[in-house]
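*Asks:* here's a sequence, model it:
(one chain, ligands or ions: 1)
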Amino acid sequence: MTEPHNRAIAGYTLHRSLGRGNTSLVWLATDPAGREVALKLPHEETLRVQEAAERFGNEVRLTLQFRHPHVVQGYAGTPFGLGAFLAIRYYPDGALNEQLARSQGRTLPPAAAIRLLADVASALTYLHHLGAVHQDLKTHNIYVDGAGRAALGDLGNTYFVAQGGQVSGSPYYMAPEIYHGESSSAASDVYSLGILMYELLSGQRPYQGNTYEELMVAHMTRFPAPLTHLNPAVSRGVSRLAEQALAKRPGERPHADAIRRALLSDLGETPQDEVYEDPNTPPPIQEAGKNIRVGRHGPSQPRSAPAQPEVKPEQERSGGWNPFKRRK
Ligand SMILES: Nc1ncnc2c1ncn2[C@@H]1O[C@H](COP(=O)(O)OP(=O)(O)OP(=O)(O)O)[C@@H](O)[C@H]1O
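*Replies:* Next comes the predicted model:
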């Protein structure tokens, strides 16, 4: 795909367009250090509309601020203005929804799916530890590397709960309380993770609908078939966990970290505590048998107030009916 661009970012060489989202056009580029990156350039329309510009700025700031092995790594960026951009890690296979589309309906082997889910649960554990909510967990926003490890991206709608932010979400993944008009929370992210568990382990989303209203009714009133019925290779424990994540009442859902631990146990591993670096103190010396540091965790700088994320319709990229028009 070669799409025209009229903005050059000093030090970056653009090679080809990787994809187009609602907010930006994403290029494969070489950065000043000679590294291949995915370079997000906001559309002109994004820069013109204040809410959209703030959403992009929010994504830039939080992506550069957060450091976690399962959150897409940000390298450099400028949040606002004509020179706005975000350089992030490049994933040659694209987003998970694109990878799944290429697999033509074949489900991932359960162990591979559970590994991805544990990685995403780990990313959510980190965000929730910081007091943030992602709000837009879905296959479009997950990237998988060549080793089969997942990272959560697209922090445009992420905000710190204590500071407030606009509620948003994608109808296939949105928790019942969000349909009711309540605020997002760690529990509503966990609900979206429950949807993702169904999707990756059974090959289908648990709730279907031809309109926003049908989806709303499904999320609020229906209960999906046990995952073990849809895929006998899924363990009872994981099947039960997915049901708990989809509890209608937010207070009845497990925390992301409990899901992470249960998924790792299902893989036969002993889950360790995640340790997050305090950016103001030097890293502690790790003792044998104690907590394992799994990466450069913790914000890379003291947290600053994020811009209020924009709430806007999301494009249905596959064409046809667009259930995302009625986003909250
Ligand atoms: N890090 C990456 N590595 C490889 N491809 C990427 C990467 N980031 C984005 N892409 C490609 O670019 C497309 C558009 O990216 P994305 O959905 O993040 O755009 P956006 O406009 O910022 O988001 P939104 O549509 O949610 O506003 C993706 O579907 C994917 O094909």
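*Asks:* what's the neighbour count on the residue in the stretch 1-150 of the chain that the ligand sits nearest to?
*Replies:* Closest approach of the stretch 1-150 of the chain to the ligand (C-beta to the nearest ligand atom) occurs at residue 21, with a separation of 2.1 Å. (Each C-beta comes from the backbone N, C-alpha and C, glycine too.) The number of residues packed near residue 21 is 19, by other C-beta atoms under 10 Å.
*Asks:* and what of the one 4 residues further on?
*Replies:* The number of residues packed near residue 25 is 20, by other C-beta under 10 Å.
*Asks:* excluding covalently adjacent residues, which one is nearest to it?
*Replies:* What sits nearest to residue 25 in space, not counting adjacent residues and going by C-beta to C-beta, 6 or more residues apart in numbering, is residue 41, at 5.3 Å.
*Asks:* and the residue of the stretch 1-150 of the chain closest to the ligand, its phi and psi?
*Replies:* As for residue 21, its main-chain torsions (degrees, to the nearest 10) stand at phi -110, psi -170.
*Asks:* how near is it to residue 242?
*Replies:* Counting by C-beta to C-beta, to the nearest Å, the gap from residue 21 to residue 242 is 28 Å.
*Asks:* for the ligand, what's the nearest residue on the stretch 101-250 of the chain?
*Replies:* As assessed by C-beta to the nearest ligand atom, the ligand sits closest to residue 154 within the stretch 101-250 of the chain, at 5.0 Å.
*Asks:* quick check: that residue touching residue 58?
*Replies:* No: using C-beta atoms under 8 Å, residue 154 is not in contact with residue 58, being 10.7 Å away.
*Asks:* right, and the helix or strand after the helix or strand hosting residue 86?
*Replies:* Residue 86 is located in strand 85-89, with elements delineated by DSSP states H and E. Counting by DSSP H and E, the next helix or strand C-terminal to strand 85-89 is helix 96-102.
*Asks:* buried set for that next one?
*Replies:* Neighbour-count burial for helix 96-102, counted by 16 or more other C-beta atoms under 10 Å, picks out 96-97, 99-100.
*Asks:* picking up where we left off before, show residues contacting the strand holding residue 86.
*Replies:* 9, 12, 24, 29, 31, 37-42, 56, 59-60, 63-64, 72-78, 143, 151, 153 (C-beta atoms under 8 Å, 6 or more residues apart in numbering).
*Asks:* and if you look at stretch 145-156?
*Replies:* Counting by C-beta under 8 Å, 6+ apart, residues outside stretch 145-156 touching it are 23, 55-56, 58-59, 62-63, 66, 69-73, 88-89, 91-93, 95-96, 112, 115-116, 119-120, 123-124, 134, 136-137, 140-144, 309-310.
*Asks:* from those, which land in strands?
*Replies:* Per DSSP state E, strands hold the following members of the contacts of stretch 145-156: 88-89, 142-144.
*Asks:* the ligand next: which of these are close?
*Replies:* The overlap between the ones in strands among the contacts of stretch 145-156 and the neighbours of the ligand (C-beta under 6 Å from any ligand atom) comes to 88-89, 143.
*Asks:* any chance of these in JSON lines, plus neighbour count and pLDDT?
*Replies:* Putting those into JSON lines (neighbours: other C-beta atoms under 10 Å; pLDDT from 0 to 100) gives the following:
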{"residue": "88", "neighbour count": "23", "pLDDT": "98"}
{"residue": "89", "neighbour count": "16", "pLDDT": "98"}
{"residue": "143", "neighbour count": "24", "pLDDT": "98"}
